[in-house]
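Visitor: predicted model and sequence follow; I will ask about them next.
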Amino acid sequence: MSEAIRIYVPIDAAALSVGAEAVANAIAKEAQARGIAVELVRNGSRGMLWLEPMIEVETPEGRIAYGPVAAKDIAALFEAGFQNGGAHGLRLGRVDDLDWLKRQQRLTFERVGVTDPLSLADYRTYDGLKGVEKALSLTGAEIVEEVKASGLRGRGGAGFPTGIKWKTVHDAGATQKYIVCNADEGDSGTFADRMLMEGDPFLLIEGMTIAAIAVGATKGYIYLRSEYPHAHRALQRAILKARNAGVLGQTVLGSGKAFELEVRLGAGAYICGEETSLLESLEGKRAIVRAKPPIPALQGLFGKPTIVNNVLSFAAVPWILTHGAKAYADYGMGRSRGTLPVQLGGNIKRGGLIELAFGISLREIIEDIGGGTLSGRPIRAVQVGGPLGAYLTAQQLDTPMDYEALAGIKAMLGHGGIVVFDDSVDMARQARFAFEFCAKESCGKCTPCRIGATRGVELVDRIIAGHERPKNLAVLRDLNKLMTDASLCAMGGLTPMPVMSALNHFFEDFDRPPAERLPLAAE
Amino acid sequence: MAAHPAWDEDGARLIIADLSHLEGATLPILHALQEEFGYVDPQAVPLIAEVLNLSRADVHGTISFYHDFRTAPPPRHIVKLCRAEACQALGCEALVEDLAREHGIVVDSHDGNRDAVVETVYCLGNCALGPSALVEGELIGRVDADRIAALCGARQ
Ligand SMILES: Cc1cc2nc3c(=O)[nH]c(=O)nc-3n(C[C@H](O)[C@H](O)[C@H](O)COP(=O)(O)O)c2cc1C
Ligand code: SF4
Ligand code: FES
Ligand code: FES
């Protein structure tokens, strides 16, 4: 018999959510019935989520993609000879030629969709572990210097320079230090952390290991939200494999330096994404936000110096060490260096994950790459940066993806999520939701947030109902100012951002005759 | 859904003892108890407090802080429906209304002895393929009211 044909079917949760498992099973069954030897590889997703399940066949001309494929298509695909790259209505062409991928600069996501996420051999073949090998040849201070020189800023939302944080922990004198990965990814509209953890978990492990070597930490935790069971499985297995292969453990790659890594599950609380709340949770407590100072870099987990970074921040580091800080910093604009994995979701025709150098405009992403709304109706609003991010109008979309440029229009980049709404959206209702979310997810420590959010819901309800509108609008603006100025953390401090952007850019939705409005959903 | 064994103190003690060596063991223990019994029985509070050398109030406070932990046996089916912004943009709120109107399923209502409940969650990381739901660890994209009703075992 000839050699087995290699067919890739993603194991990414988004691909599974639209039937990838049934597709994999159908391929195995059909191949067996036809006596064709097939090697099924479960890869990560390429990020073209509207084409999922997207399967790939390895041929002499390269990998050929087909999608979106349903289990019922499989017999016809075999009939058309897809196993040799044959023509079929679902054939998309060579993966390397797909425009959507060619437009990107994939550094962090270079292996996602290409390799078997749980194959350490694949990982090595595609340049994995080179970063940590490099790190082991440097001093801690040199590693920190390299990260600083790359210009990498934290991808969790605040955009704080990663190298500076690492330096603080490096310089802190302590026998015990910790590396903590913030994998809480609570922002709606974001899924890059998830795709990375499912699609290339060794990369996160490598990034955290480099951090540990840099600052002299021996223990790390990945704090993962409980809504991500697939990522949980991938991480558990990858950690086990890394340990068995001597990448983790008592002596990392034989260096004599120890690093142990453990995954811990959150329990459904958005505030646990805030780093001090996350640390409280890791310590087993109620996740009440801590006042800063002291900063976690000096007194973090169990009071010890701790690096807390987002998944994507750690995952950027191996590339930086492998290719050099300058190569990374050559991408981007202004003070936003490198690439950002953008997540395009909501009412969008071609949604998914797009890794791009900073500086591309929102319009190019949404209209050119994303193809506009899924409904085919006009874009009315775009929320950038998660539930605490601003709503932008269709006119504001020429703004580049850049921390400072977005701050300049009272918006924020956050974790890089873009959520598109068509003209059926009611922005007063979105403002109400921002308060409702804050009221539900507030840790309760400070009054402006805990009480303010509830007051905000009531105020918007009154405005919608048409009660004393001018007065209530004035109170609403005052409340937003109070929450912005007096909240302890960005939960209460930034909830006014979506609210005020809705109010300022979409005032007509707050000014309609009450009868026009549909009743609110049962809460 | 996997049936859970009834609460049993010895079983709980074993689970707690097994994990008590961890740093910050409270959440891992609570997750393990919930995985075993389907919920965290209030009788577990003093057991955890004793082994981890915490006050009962501390343990109780932790359990009540997090949305995930249940303190009563769960219904047979739990459908977690995303109602965050990206899914709102694709009509998850209309879906919530549909469920109530067409199928008599009120989201987040734990009334009566229904053997299914639909619970609100905020983002399942499937924001390009919403509306999304999570059912017994399985993620489902592009859901509609009929699919959810079927997952709940409703026969409308
Ligand atoms: C309410 C709130 C929620 C947050 N959620 C997350 C999150 O889900 N993931 C994350 O990485 N950072 C989140 N952050 C930011 C963290 O506090 C922290 O800045 C980040 O983990 C630092 O890592 P980085 O520098 O690599 O971004 C959140 C902050 C706030 C105020
Ligand atoms: S702003 Fe809200 S979430 Fe943040 S500390 Fe205050 S109460 Fe807690
Ligand atoms: S009460 Fe703590 S900041 Fe207001
Ligand atoms: S907003 Fe619904 S899955 Fe992300």
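Guide: Now that the structure is in, tell me what you want to look at. Ligands and ions are numbered 1, 2, ... in the order given.
Visitor: use CA for all of it now, contacts and neighbours both
Guide: Fine.
Visitor: relative to residue A:310, how far out is residue A:332?
Guide: 19 Å (Cα to Cα, to the nearest Å).
Visitor: for the two, indicate the residue with more neighbours.
Guide: Between residue A:332 and residue A:310, residue A:310 has the larger neighbour count (other Cα atoms under 10 Å in any protein chain shown), namely 26 against 20.
Visitor: which residues of the stretch 401-523 of chain A lie near ligand 1?
Guide: Neighbours of ligand 1 within the stretch 401-523 of chain A, by Cα under 6 Å from any ligand atom: A:489, A:490, A:491.
Visitor: go again with 5 Å.
Guide: Within reach of ligand 1 by Cα under 5 Å from any ligand atom, the stretch 401-523 of chain A has these residues: A:490, A:491.
Visitor: strands of the stretch 401-523 of chain A, residue ranges please.
Guide: Assigned by DSSP state E, counting those that start in this stretch, the stretch 401-523 of chain A shows strands spanning A:417-422.
Visitor: just for it, where's the confidence low?
Guide: A:515-523 (pLDDT under 70).
Visitor: so residue B:80 bridges to which residues?
Guide: residue B:119, residue B:134 (DSSP bridges).
Visitor: now do the contacts for it.
Guide: B:118, B:119, B:120, B:121, B:133, B:134, B:135 (Cα atoms under 8 Å, 6 or more residues apart in numbering or on different chains).
Visitor: if we take those, which one ends up nearest to residue A:198?
Guide: residue B:134 (16.8 Å; Cα to Cα).
Visitor: show me what contacts the closest one?
Guide: Residue B:134 neighbours (Cα under 8 Å, 6+ apart): B:79, B:80, B:81, B:124, B:140.
Visitor: scan these and report the most crowded one.
Guide: Highest count within these by other Cα under 10 Å belongs to residue B:124, 34 neighbours.
Visitor: for chain B, give the residue positioned nearest to ligand 2.
Guide: Here chain B gets closest to ligand 2 at one residue, residue B:65, 12.3 Å apart by Cα to the nearest ligand atom.
Visitor: tell me the pLDDT of that residue.
Guide: Residue B:65 is assigned 96 on the pLDDT scale.
Visitor: report how many residues lie close to the nearest residue to it once chain neighbours are set aside.
Guide: Computed as Cα to Cα, 6 or more residues apart in numbering or on different chains, the closest residue to residue B:65 that is not its neighbour in sequence is residue A:286, at 5.8 Å. Neighbour count of residue A:286, defined by other Cα under 10 Å: 23.
Visitor: next up, the contacts around residue A:286.
Guide: A:280, B:61, B:62, B:63, B:65, B:66.
Visitor: please apply the same query to residue B:130.
Guide: A:346, B:86, B:87, B:90, B:141, B:142, B:143.
Visitor: and the fifth one, how far is that from residue B:130?
Guide: When distances are taken as Cα to Cα, residue B:141 and residue B:130 turn out to be 5 Å apart.
Visitor: equivalent analysis for the fourth one, please.
Guide: Between residue B:90 and residue B:130 the distance, using Cα to Cα, works out to 6 Å.
Visitor: shared neighbours of these two, anything?
Guide: residue A:346.
Visitor: the worst-scoring helix or strand of chain A on mean pLDDT pairs with which strands, parallel or anti?
Guide: None of the helices or strands of chain A scores lower by mean pLDDT, DSSP states H and E than strand A:332-333, at a mean of 93. Partners of strand A:332-333 in the sheet, by DSSP bridges, are strand A:336-337 (antiparallel).
Visitor: for the one residue sitting closest to the centre of chain B, what are its contacts?
Guide: Centroid check for chain B by Cα atoms, centre = their mean gives residue B:68 as the closest residue, at 5.2 Å. Residues near residue B:68 by Cα under 8 Å, 6+ apart: A:267, A:268.
Visitor: surely it is in a strand?
Guide: No. Under DSSP: H, G, I helix; E, B strand; the rest coil, residue B:68 sits outside any strand and is assigned coil.
Visitor: next, give phi and psi for residue A:222.
Guide: In terms of degrees, to the nearest 10, the main-chain angles of residue A:222 are phi -110, psi 110.
Visitor: number of residues surrounding the residue of chain B found nearest ligand 3?
Guide: Closest contact between chain B and ligand 3, by Cα to the nearest ligand atom, is at residue B:65 (18.3 Å). Neighbour count for residue B:65, taken as other Cα under 10 Å: 17.
Visitor: thinking it is in contact with residue A:287, fair?
Guide: Yes. Contact status for residue B:65 versus residue A:287: in contact at 7.4 Å, counting by Cα atoms under 8 Å.
Visitor: quick one: residues contacting residue A:462.
Guide: A:468, A:469, A:472.
Visitor: and it, how close does it get to residue A:20?
Guide: From residue A:462 to residue A:20 the distance is 46 Å (Cα to Cα).
Visitor: and residue 151, how many residues sit next to it?
Guide: Just so you know, I chose chain A. Residue A:151 - counted by other Cα under 10 Å - has 22 other residues nearby.
Visitor: my question was about chain B
Guide: Using other Cα under 10 Å: residue B:151 sits among 16 other residues.
Visitor: who's in contact with it?
Guide: B:77, B:79.
Visitor: quick one, what contacts residue 17?
Guide: All of this is about chain A. Residue A:17 neighbours (Cα under 8 Å, 6+ apart): B:138, B:139, B:140, B:141.
Visitor: not quite, I wanted chain B
Guide: residue B:51.
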